[in-house]
Each structure stands twice: as C-alpha cells, then as structure tokens.
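Asks: build the 3D model from these lines:
(2 chains)
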Amino acid sequence: GAVVSQHPSWVICKSGTSVKIECRSLDFQATTMFWYRQFPKQSLMLMATSNEGSKATYEQGVEKDKFLINHASLTLSTLTVTSAHPEDSSFYICSARGRGGELFFGEGSRLTVL
Amino acid sequence: AQRVTQPEKLLSVFKGAPVELKCNYSYSGSPELFWYVQYSRQRLQLLLRHISRESIKGFTADLNKGETSFHLKKPFAQEEDSAMYYCALRGYSSGAGSYQLTFGKGTKLSVIP
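Replies: The predicted structure follows:
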C-alpha cells in the first residue's frame, strides 16, 4: 500500500526556535496533503490543507504565520512551527490523498518545546 | 458544520463477546463515512468505508441516515482488536471551499482475554 513518511518522529526544541516537519508520500504523488494536530487523549484536529503549488488553506483559529506550510512538490509538504512555545507541544500528523481518494497517514511527529 | 460524535472514550469487552463502537454524525449533505484504527505504536490506518460495504477483519459498519449513525460492529472480539478507533466523516466545507475529513474523538477498545 501507499506509504507516507514523516520526519522527524520526535523533536525537542527550545522556546523561541523554529521547527520544520516533513511529510513525504514515498510511492505516490499527492496533490493534496493535510496537517493535523492531536492533543493527548483527544481527536485529530485538522490544521490546514496543503495543495501542491498553491497556498495552504488554514482552518479557523490556526495561525498562518505560526504554522507555515509549504507543498513545493507532489511528494513533499512541510510544516514549520515558527517561534515555538511550550503550548505548541503536540503530536502533529500529516496525511496524503492517494489516487483513489483514500487518505494515508504518516507516523506522526511529537514536538516538545521546552 | 460537520461533526462526528463517538460517545464512548473507552470500551472494554471480553474476548469472544460482540463489539459495537458507536458513531453519530451531523452533516447537511450526503456524507461519506470511514472508520480508522490505530494500533499501539502504529500509525492511523483506514479500516473501512461505508461506500465499499465490506467487512474488514470481521468488522462491519452500516450507514443509517435516519439515525445519522455509522456504528462499527464485530460479532466476536479478538485480543488483537484492542486499539483506538476513530470514526470520520468526509464532507464539503463551504468555508474552506473543499472536502474535509472530520474525526470523532475516538474510542479505545480493550479486549480482555
């Protein structure tokens, strides 16, 4: 089946620094990728829809300048958490839509901001 | 707005007992519904979708538009079914101008040996 890979799977950073998380579709092209955030014991909350070659569409309440999304190619989308603070600590998950419309999820990236 | 409700955070059943994970939704149009499963330390993966009307790993789910439900069922639970299950709805969001997948909060199924 199709594989989506996220990197890094775990990152710890100091408050005020920026962190980039990559989401790659390894064996298929994805014009659309999605970024989710999951708090402990909570559901996945859609943050933004990433479209290849165009600006991402952000959900209400998600700061565009805080969470920068770039989808420069059909196999790569990146999420950059800028000037990270402890409240940004969370589990970030990406998914990519396959040719048949099915979503394939990455392993997730756990961000801890000290 | 579309919404998915999973009323149970945790469901514990004995091995061999029937399982029903509840899911209710709210959506003005014709919904597309899914069940996703996340086994311990693994990524989220699709279990089944209502349009394919299939049985995966013994699980089935029927879309009931009258009750706006999409409950996941299995007649005899196995230990390997222990996992986190998420119900999800794919619907059109006029605000975003695209289709979106909305997840329920998930139900943790624990099958007791």
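
Asks: where does pLDDT dip in chain A?
Replies: Residue ranges of chain A with pLDDT under 70: A:1.

Asks: mind telling me which residue is nearest the centre of it?
Replies: When chain A is reduced to its mean C-alpha position, the nearest residue by CA atoms, centre = their mean turns out to be A:Trp35, at 3.9 Å.

Asks: look up phi and psi at that one.
Replies: A:Trp35 adopts backbone torsions of phi -120, psi 130, taken as degrees, to the nearest 10.

Asks: partners of it in the sheet?
Replies: A:Ala48, A:Cys94 (DSSP bridges).

Asks: so it touches A:Ala48, yeah?
Replies: Yes - under the contact definition of CB atoms under 8 Å, A:Trp35 touches A:Ala48, with a separation of 5.1 Å. For glycine as for every other residue, the C-beta is placed from the backbone atoms N, C-alpha and C.

Asks: mutual contacts of these two, please.
Replies: With contacts taken as CB atoms under 8 Å, 6 or more residues apart in numbering or on different chains, A:Trp35 and A:Ala48 have A:Phe67, A:Ile69 as neighbours in common.

Asks: end-to-end on stretch A:12-21?
Replies: 12 Å (CA to CA, to the nearest Å).

Asks: is chain B contacted by it?
Replies: No - for stretch A:12-21, no contact with chain B is found by CB under 8 Å from any CB of the partner chain; the gap never falls below 14.6 Å.

Asks: residues in contact with that stretch?
Replies: Outside stretch A:12-21, the residues touching it (CB under 8 Å, 6+ apart) are A:6-8, A:11, A:78-86, A:92, A:94, A:109, A:111-114.
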